[in-house]
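>>> Coordinates only, no sequence provided:
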Ligand SMILES: Cc1cc2nc3c(=O)[nH]c(=O)nc-3n(C[C@H](O)[C@H](O)[C@H](O)COP(=O)(O)OP(=O)(O)OC[C@H]3O[C@@H](n4cnc5c(N)ncnc54)[C@H](O)[C@@H]3O)c2cc1C
């Protein structure tokens, strides 16, 4: 059996894992990544938010991403019947990036992970973590299995778990917790033949509301490779109204809505429609002696505001920096330095997600009386700047959203 030893073991080579590895390696500590699959591999989650650019830059990974010539995304367009609400990331309350990218994840994740590997971080591709044992001092021995069934083990001083939907440590340590959000499902594919808006708006994500009291919606995310990602998110009872076959279901839902039908009437699916459900999940704690969770292994809310990769990168940035200080001999408080910070951003997005589905946010979005200043504040949240406490939509997210929605409902 092969054995390895490292300061920091990083589980998963997705965006959370790769950016944490970049920062730890830059700080001069040994780390290694283990990744169950081989890249390129498909994963859903293709629309970034501008705050991702800050976090990629800090990990010295923005350059390799910019070299890929991904589709520039400078905003988001919400559509409900004949109504449209556009957010352009140049409308800022928080000073930050005015654009980001729409990224096929097989390309994006590969370029991040391979760039980190090229800097000297060892990656064990095709190795899945099967078990972890922690000693009293927090050091650990992790068991791995490769594609041929060969076993290996790694001893480490600390583990950062960026295993995404694999949720390695939450499963092994019984940390999974049900989400407060109700069960929704998603059906999605990539298409060719998307009739894109011409000019400036080409790269914007479209979020199209469907005819549903629970605010089911579809995304349209255009890539620079000529393909477009299309998906629906809804409760099971909405989806059950359409054909059972996934391809027929997605096609029928597209055809049922004037905004998606108009743009996707000639669309050809490039792979059979995939389905994912039960993705909203939380964790009882985000850290313990010898480990911390990052990215989707912490909590995943809902895709409506494309917050997943942004939260993955913020969590890996913060976890890596907290760990570097600890490895340098400083005393750190993982709860305040890491978990509480991360949850401030997660909680703002949670309020926005809840307010989307209970109709407060669409009421605000499509209101004619919404002041410009409010548009900027909301836009900065939608750009991922959810740690700016000068923004009332962050500082007092619950109350602000409720009060403004009431005013918009009253005055139009
Ligand atoms: C329907 C839907 C739409 C979404 N749309 C968006 C969007 O538009 N924008 C956005 O930002 N986010 C979106 N997301 C969220 C996005 O998918 C995730 O937030 C993001 O991928 C999290 O990155 P990560 O690095 O934490 O995990 P991942 O990218 O999932 O990477 C985890 C890695 O860990 C590896 N792994 C798993 N188990 C093991 C194991 N046992 N051993 C070793 N390695 C392992 C996996 O193979 C994987 O490569 C969406 C999610 C859903 C469900």
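Received, thanks. None of the values given here were measured: they were computed from a predicted structure.
>>> Close to the ligand: what parts of the stretch 201-350 of the chain are there?
For the stretch 201-350 of the chain, the contact set with the ligand under Cβ under 6 Å from any ligand atom comprises 231, 276, 279, 295-296, 300, 303, 306, 308-310, 312. C-betas here are computed from N, CA, C, even on glycine.
>>> Residue 187: neighbouring residues, count only.
22 (other Cβ atoms under 10 Å).
>>> swap that for residue 88, please
If you count neighbours by other Cβ under 10 Å, residue 88 ends up with 18.
>>> how close does it sit to residue 326?
According to Cβ to Cβ, to the nearest Å, residue 88 and residue 326 sit 41 Å apart.
>>> What's the ChimeraX line that selects buried ones from the residues of the stretch 201-350 of the chain next to the ligand?
If you want just the buried ones from these in ChimeraX, going by 16 or more other Cβ atoms under 10 Å, the selection is:
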select :231,279,295,296,300,303,306,308,309,310,312
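>>> Tell me which of the residues of the stretch 201-350 of the chain next to the ligand has the lowest pLDDT.
When those are sorted by pLDDT, the bottom entry is residue 279 at 83.
>>> Which phi and psi values does that residue adopt?
phi -80, psi -20 (degrees, to the nearest 10).
>>> Tell me the spacing between the residue nearest to it when sequence neighbours are not counted and residue 102.
Leaving aside its sequence neighbours, residue 279 sits nearest to residue 300 (Cβ to Cβ, 6 or more residues apart in numbering; 5.6 Å). When Cβ to Cβ is the yardstick, residue 300 and residue 102 sit 20 Å from each other.
>>> Likewise for residue 17?
According to Cβ to Cβ, residue 17 and residue 102 sit 22 Å apart.
>>> These two: who's more crowded?
Higher neighbour count among residue 17 and residue 102: residue 17, with 32 against 22, using other Cβ under 10 Å.
>>> for the more buried one, helix, strand, or coil?
Three-state assignment for residue 17 (DSSP: H, G, I helix; E, B strand; the rest coil): helix.
>>> Over to residue 394?
helix.
>>> check contacts around it.
344, 348, 381, 385-388 (Cβ atoms under 8 Å, 6 or more residues apart in numbering).
>>> quick one: which helix or strand includes the residue nearest to residue 271 when sequence neighbours are not counted?
Counting by Cβ to Cβ, 6+ apart, residue 271 lies nearest to residue 189, which is 5.9 Å off, once chain neighbours are set aside. Using DSSP states H and E, residue 189 sits in strand 185-192.
>>> looking at this, residue 410 is in a helix?
Yes - checked against three-state DSSP, residue 410 lies within a helix.
>>> Quick check: it vs residue 269, distance?
Distance of residue 410 to residue 269, computed by Cβ to Cβ: 44 Å.
>>> More neighbours: which of the two?
Set residue 410 next to residue 269 and count neighbours by other Cβ under 10 Å: residue 269 wins out with 16 against 9.
>>> Let me know the closest of the residues of the stretch 201-350 of the chain next to the ligand to residue 404.
The nearest member of these to residue 404, counting by Cβ to Cβ, is residue 306 at 21.8 Å.
>>> need the contact list for that closest one.
The contact partners of residue 306, by Cβ under 8 Å, 6+ apart, come to 45, 47-49, 76, 205.
>>> Now it: phi and psi?
Torsion angles, degrees, to the nearest 10, at residue 306: phi 50, psi 40.
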